[in-house]
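Trainee: Sequence first, then the predicted structure:
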Amino acid sequence: MARRGLLIILSSPSGAGKSTLSKRLRVWDPTIRFSVSATTRPPRQGEVDGTDYHFISDHEFRELVTQGDMLEHAHVFGNFYGSPRKPVEEAIGQGCDVLFDVDWQGAQQIRNSPLKDNVLSIFLLPPSIPELRRRLVERAKDEPQVIEKRMQKSWDEISHWDAYDYVLVNDDLDETEDKLKTVVTAERLRRPQQPDLLAHVRRLQQEFEETQ
Ligand SMILES: Nc1nc2c(ncn2[C@@H]2O[C@H](COP(=O)(O)OP(=O)(O)O)[C@@H](O)[C@H]2O)c(=O)[nH]1
Ligand SMILES: Nc1ncnc2c1ncn2[C@@H]1O[C@H](COP(=O)(O)OP(=O)(O)O)[C@@H](O)[C@H]1O
């Protein structure tokens with residue numbers, strides 16, 4: 001039996017560090033595929049269509065949902081966001097892990113999907129609310145009113161922290177990165193993630209019996 005990939009979900013309030021840590025995780029292990037979400041939000045400066053997001057219209061988004069092409073979708077901060085189903089199914093079928101940057105609603109839908117047995121969900125908490133605001137301001141990618149909206153919604157997101165397998169307080173970035181890698185490494189060592197183990201143990205048993 002071949003290994004099926006993990007669905008690694010990262011959620012947090014806006015500005016807590018999902019994109020930053022998701023990029024670092026993929027530098028650490030380039031075999032991890034990123035689930036490029038579709039969104040109706042306009043691109044930020046520096047964002048690349050097809051790499052950061054698939055930037056699409058409301059009409060296109062609705063079509064994808066109607067056709068059942070979204071693994072999950074949600075309305076967040078006034079825009080639609082969703083994870084296209086096909087690339088995810090292909091990747092995990094090939095034994096590749098897939099990383100998702102989705103909100104709590106997306107995480108909940110993936111946990112309730114037929115892929116639920118392969119889910120690893122991780123929530124990032126900010127060290128404090130003023131630091132969360134500082135990061136959003138320092139990122140300098142959103143207008144002040146957009147930052148305010150994200151701050152106002154931060155508690156909605158944080159309040160779902162306890163539905164996740166792991167919760168990391170993203171204070172020191174390098175430390176959080178290390179913890180994230182540890183969590184992924186540990187999850188990959190769980191028995192169902194290592195289908196070749198049975199054959200290995202049988203071989204050990206055979207070798208053991210030959211020495212008796
Ligand atoms: N449910 C769902 N949420 C998503 C998806 N893609 C992004 N999000 C979430 O939408 C929210 C806003 O994302 P974005 O506009 O990139 O802002 P940022 O979190 O401040 O970088 C974040 O909570 C993301 O995790 C998706 O495909 N599905
Ligand atoms: N641990 C950290 N310490 C200080 N700044 C951080 C930390 N993690 C992320 N940042 C910064 O905070 C801002 C928001 O991070 P980002 O990854 O865009 O958050 P999200 O994707 O969750 O909205 C970015 O400017 C990023 O460089």
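Mentor: That came through fine. Ligands and ions are numbered 1, 2, ... in the order given.
Trainee: rest of the way, CA atoms for contacts and neighbours
Mentor: Fine.
Trainee: What distance do you get for residue 92 to ligand 2?
Mentor: Residue 92 sits 24 Å away from ligand 2 when distances are taken as CA to the nearest ligand atom, to the nearest Å.
Trainee: burial measure for residue 1, as a count.
Mentor: By the other CA atoms under 10 Å criterion, the neighbourhood of residue 1 contains 7 residues.
Trainee: got it, and residue 62?
Mentor: Counted with other CA under 10 Å, the neighbours of residue 62 add up to 13.
Trainee: before we move on, what about residue 110?
Mentor: One way to gauge burial is a neighbour count; for residue 110, by other CA under 10 Å, it gives 22.
Trainee: Check the one 3 residues further on too.
Mentor: By other CA under 10 Å, 13 other residues sit near residue 113.
Trainee: and it, what element?
Mentor: Assigned by DSSP states H and E, residue 113 belongs to neither a helix nor a strand.
Trainee: What pLDDT is listed against it?
Mentor: pLDDT recorded at residue 113 is 95.
Trainee: The one 4 residues further on now?
Mentor: Per-residue pLDDT puts residue 117 at 93.
Trainee: repeat for residue 142
Mentor: 81.
Trainee: One more: residue 40?
Mentor: Model confidence at residue 40, given as pLDDT, is 98.
Trainee: repeat for residue 179
Mentor: Residue 179 carries a pLDDT value of 98.
Trainee: what's the single longest helix in this protein?
Mentor: Of all the segments assigned as helix in the chain under DSSP state H, the longest by residue count is helix 173-188.
Trainee: Could I get the CA-only coordinates of it as PDB?
Mentor: Only the C-alpha atoms of helix 173-188 are listed here, as PDB (Å, rounded to 0.1, in the frame of the first residue of the first chain):
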ATOM      1  CA  LEU A 173       9.900  33.200  14.300                       C
ATOM      2  CA  ASP A 174      12.900  30.800  14.200                       C
ATOM      3  CA  GLU A 175      11.600  29.000  17.200                       C
ATOM      4  CA  THR A 176       8.100  28.600  15.700                       C
ATOM      5  CA  GLU A 177       9.600  27.400  12.500                       C
ATOM      6  CA  ASP A 178      11.500  24.700  14.400                       C
ATOM      7  CA  LYS A 179       8.300  23.700  16.200                       C
ATOM      8  CA  LEU A 180       6.400  23.500  13.000                       C
ATOM      9  CA  LYS A 181       9.000  21.200  11.400                       C
ATOM     10  CA  THR A 182       9.000  19.000  14.500                       C
ATOM     11  CA  VAL A 183       5.200  18.700  14.300                       C
ATOM     12  CA  VAL A 184       5.300  17.700  10.600                       C
ATOM     13  CA  THR A 185       8.200  15.300  11.200                       C
ATOM     14  CA  ALA A 186       6.300  13.600  14.100                       C
ATOM     15  CA  GLU A 187       3.100  13.300  12.100                       C
ATOM     16  CA  ARG A 188       5.000  11.600   9.200                       C
END
